[in-house]
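A.B. asks: mind folding the following:
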Amino acid sequence: MTSTASPHWEVVGKGKKSKIPTPVSRGERKKLVDGMPKVEHYAPALQESSTLFNVFLEKERKQQQANAQARAESKDSSKTNGHANASKKPAQPKKKVQKTEPEKKKPTDFLSAVAEIKKDDLESALAITKASFPGNIEVWLKDLASLLSIKLEQCPEPDPVMKNKPKDFPMCHLTNKCQDLIKSVIREASVETLEHLLYHSITTMLSEMNKGNSSYGYRIFIQLLVYSKPSIALTKTQQYLELLTTHQNKLPRCLSILWCLGVGGNKDFRSGLRVWMEVMMPMLKSRPVAPYCVDYLEELFRTHTDMKKLSGEMSLKEYFFLVDMIFNDQNLPKDLAKKLQTLYPKLKKIALSNDKTHGFRQVFPSYLTRITPGSSRTMKAEILPCLVDCLTSDKQCFAVWCQMYTKHLPQSSVLLNYLAQNWDKVGSRLDKKLFQSTLRSFSITNEELATQGRNSMDGYQECVAVCKDLLQKMEQTHFPWFWVMFLLISTLSAIIAYDIYSSKTFKASRTVRFLEDYGILAFMEQVWSKLSHYTMIAYSWLRVNVPLYTEKAVNTVSPYMALGWTKVSAGAQYLWEVSTPQRQWLYIKLLQLTEQVYNLSPQLWSDISDYILLSWDFLRDKTYLIWTSAVQLFFTSCKWIEKEVLLGQYTPDVLQQFFRSTISLVQSSTVSAVQWCSNLFQLSKGK
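C.D. replies: Residues are numbered from 1 along each chain as shown. All right, here's what the predicted structure looks like:
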């Protein structure tokens with residue numbers, strides 16, 4: 001009830017104690033903490049096992065730990081029974097615990113670790129997986145890959161690209177029985193399953209590398225996968241490129257991805273080349289990864305030399321991307337650009353060998369658009385000869401050039417200048433009538449542009465000047481001195497030969513009589529007699545005196561020669577024995593020197609071998625071309641002789657009559673000219 005004495009509301013109830021907390025002693029606080037529920041900090045969080053093998057392994061490990069803990073507790077209870085020899089008994093349970101300890105320390109050396117992988121382990125794991133997941137080959141292979149990774153997880157992480165290792169490393173150190181077992185399972189899987197497994201293995205390998213574990217196990221499994229079916233690395237290229245861009249700031253992972261995809265190139269040339277073009281060629285723009293991509297291409301062409309099966313394997317888009325990358329990319333390092341330039345002829349042969357007849361008119365526009373007055377020298381040195389080859393091989397390229405001329409005046413001016421500067425070499429290869437009509441078409445187009453007021457376009461003035469220069473060169477005719485001299489000498493030789501052949505004797509021929517009449521034959525006989533006389537004198541002297549002087553020299557010099565030979569051989573043997581330590585030291589130093597030189601320039605020897613191979617290919621191609629041309633010319637000549645000489649207008653009777661009339665005409669003309677000269681000489685004397 002409320003009090004009447006107070007005007008405010010009051011709370012009626014039991015009085016509360018003071019809210020000031022009472023102090024707690026240290027012992028009470030300890031009891032309170034001990035009585036509270038505890039969370040074990042060593043209990044790991046539950047995780048989903050990636051494979052079935054991990055599930056069984058973890059279950060077995062927990063069961064063994066529980067058994068060991070129960071045995072330890074039973075031994076502890078036996079110690080509290082008050083036996084007299086309690087001090088000796090604790091040693092026994094320790095020994096038993098050590099014997100039942102399931103954990104065995106894994107070797108950290110790769111060779112030791114991979115040697116411990118037995119076929120029985122793989123078969124037992126595969127049997128468990130098959131029993132739990134019958135018919136699911138993908139799970140079987142994933143468990144085998146996981147088992148390999150667990151066996152080798154303590155090994156140090158290898159070099160991402162296995163530099164200075166065999167091509168099939170690390171797979172080569174796995175026993176053949178284990179390889180055959182895994183390959184037998186791989187052969188049962190479909191292509192789609194293998195493609196998915198390859199991508200899964202690469203991503204799992206990257207996650208293991210992120211955790212700090214070794215990637216040897218998954219690398220071995222990936223090698224077995226790709227060696228069995230190299231084409232599985234070509235289907236998910238877009239996903240692999242996204243994976244590379246995701247890890248572009250982590251060089252070891254990028255190199256590991258490229259290594260895994262490029263493994264198939266060791267077995268299949270086509271797969272290796274496609275991987276390089278679709279995955280590695282776009283990565284040339286990345287400076288850290290570009291050296292490995294170039295080295296991979298070099299090793300690919302070094303391993304495989306037969307390029308006939310790869311004709312047309314590279315598309316024109318990929319080819320011109322490579323051309324721009326090699327000859328016009330300023331960001332590409334010079335050493336890598338030089339390496340790619342040495343490999344470029346092989347790539348060009350692969351790209352343009354599919355359709356040689358219609359291929360030139362398809363590549364001509366792309367070639368022409370890439371040469372400008374500001375292009376690099378290497379680009380011009382490569383593209384301009386290719387444009388000339390297109391014009392000489394496919395006449396349709398002239399029509400394509402006419403269509404492109406107006407919109408590509410700067411490029412056309414560069415090509416026309418090149419033709420004008422090298423006209424002596426290039427002019428004989430071009431179709432002059434077609435090229436002359438093309439130049440006239442260009443001149444008409446230039447006049448139309450001038451009337452339209454478009455003569456200020458880039459390259460216009462250069463095109464006008466070069467077109468006039470080339471037209472003047474083509475219209476000028478040079479006197480063929482060489483062919484005239486050759487024709488005269490050939491005709492004179494044929495006349496003399498026919499005259500001697502048709503005469504009864506050599507002296508009865510008109511040629512000999514002509515030489516006798518003018519004293520030429522007498523002079524030649526006099527010279528010949530003197531030469532023969534002095535030659536016989538020299539020969540007779542040599543025949544008499546050379547044996548005498550030779551015998552005298554041998555008798556005089558041979559004792560000294562024998563003595564000198566014995567002294568030289570003894571001295572050489574002595575020096576050989578004395579210089580043995582120095583020669584050994586020099587041998588060691590030369591080995592060290594060669595190793596240092598190789599380390600300073602490791603690509604020198606490969607470059608030399610590449611140049612030798614390129615030279616051999618060039619000589620082989622040109623030799624084959626010359627041989628085929630010679631054979632074709634021989635057969636053509638035989639057909640012409642059969643048609644024109646034996647059966648046509650050049651029969652032996654016709655030729656004999658022609659030569660007789662020609663010889664008589666030449667002789668009569670010569671005699672009349674000599675008589676006229678002698679008459680003039682006599683007249684001048686009489687006067």
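
A.B. asks: need phi/psi at residue 157.
C.D. replies: Backbone torsions for residue 157, taken as degrees, to the nearest 10, come to phi -60, psi 130.

A.B. asks: just residue 455 next, same as before
C.D. replies: The phi and psi values for residue 455, taken as degrees, to the nearest 10, are phi -80, psi 0.

A.B. asks: for the stretch 551-687 of the chain, what spans make up the helices?
C.D. replies: All helices of the stretch 551-687 of the chain, identified by DSSP state H, counting those that start in this stretch, fall at 580-600, 604-640, 652-686.

A.B. asks: how about CSV for these, with distance to residue 238 added?
C.D. replies: In this view, the C-beta of every residue, glycine as well, is placed from N, C-alpha and C. Shown next, in CSV, are those (distance: least, Cβ to Cβ, whole Å):
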stretch, distance to residue 238
helix 580-600, 39
helix 604-640, 32
helix 652-686, 75
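
A.B. asks: mean pLDDT and mean neighbour count for those helices - can I get that in CSV?
C.D. replies: Output for the helices of the stretch 551-687 of the chain, formatted as CSV (pLDDT from 0 to 100; neighbours: other Cβ atoms under 10 Å):
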stretch, mean pLDDT, mean neighbour count
helix 580-600, 79, 10
helix 604-640, 75, 11
helix 652-686, 73, 11
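
A.B. asks: how about the ones you listed, which one is nearest residue 359?
C.D. replies: helix 604-640 (17.8 Å; Cβ to Cβ).

A.B. asks: packing partners of the closest one?
C.D. replies: helix 290-303, helix 334-352, helix 580-600 (3 or more Cβ pairs under 8 Å, 6 or more residues apart in numbering; DSSP states H and E).

A.B. asks: what angle sits between it and helix 334-352?
C.D. replies: 30 degrees (axes from the mean of the first three to the mean of the last three Cα atoms, to 10 degrees).

A.B. asks: what does the pLDDT read for the residue lying closest to residue 265 once chain neighbours are set aside?
C.D. replies: Spatially, and ignoring its direct neighbours in sequence, residue 265 is nearest to residue 272 (2.1 Å; Cβ to Cβ, 6 or more residues apart in numbering). Note on residue 272: pLDDT of 93.

A.B. asks: burial check on residue 272, number of neighbours?
C.D. replies: 26 (other Cβ atoms under 10 Å).

A.B. asks: so can I have a markdown table of the helices and strands packed on helix 604-640 showing distance to residue 180?
C.D. replies: Formatted as a markdown table, the helices and strands packed on helix 604-640 follow (distance: least, Cβ to Cβ, whole Å):
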| stretch | distance to residue 180 |
| --- | --- |
| helix 290-303 | 25 |
| helix 334-352 | 35 |
| helix 580-600 | 38 |
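
A.B. asks: distance of residue 594 from residue 166?
C.D. replies: 22 Å (Cβ to Cβ, to the nearest Å).

A.B. asks: look at residue 89 and report its pLDDT.
C.D. replies: pLDDT, residue 89: 39.

A.B. asks: check residue 139 too.
C.D. replies: You'll see residue 139 listed with a pLDDT of 93.

A.B. asks: relative to residue 537, which of the helices and strands packed on helix 604-640 is closest?
C.D. replies: helix 580-600 (57.7 Å).

A.B. asks: for the closest one, name the packing helices and strands.
C.D. replies: helix 604-640.

A.B. asks: any idea of the mean pLDDT in stretch 335-349?
C.D. replies: 90.

A.B. asks: run the chain-centre distance for stretch 267-281.
C.D. replies: 11 Å (Cα atoms, centre = their mean, to the nearest Å).

A.B. asks: kindly report the same for stretch 117-124.
C.D. replies: That offset, for stretch 117-124, works out to 40 Å (Cα atoms, centre = their mean).

A.B. asks: how much space is there between residue 316 and residue 350?
C.D. replies: Residue 316 is 12 Å from residue 350, by Cβ to Cβ.
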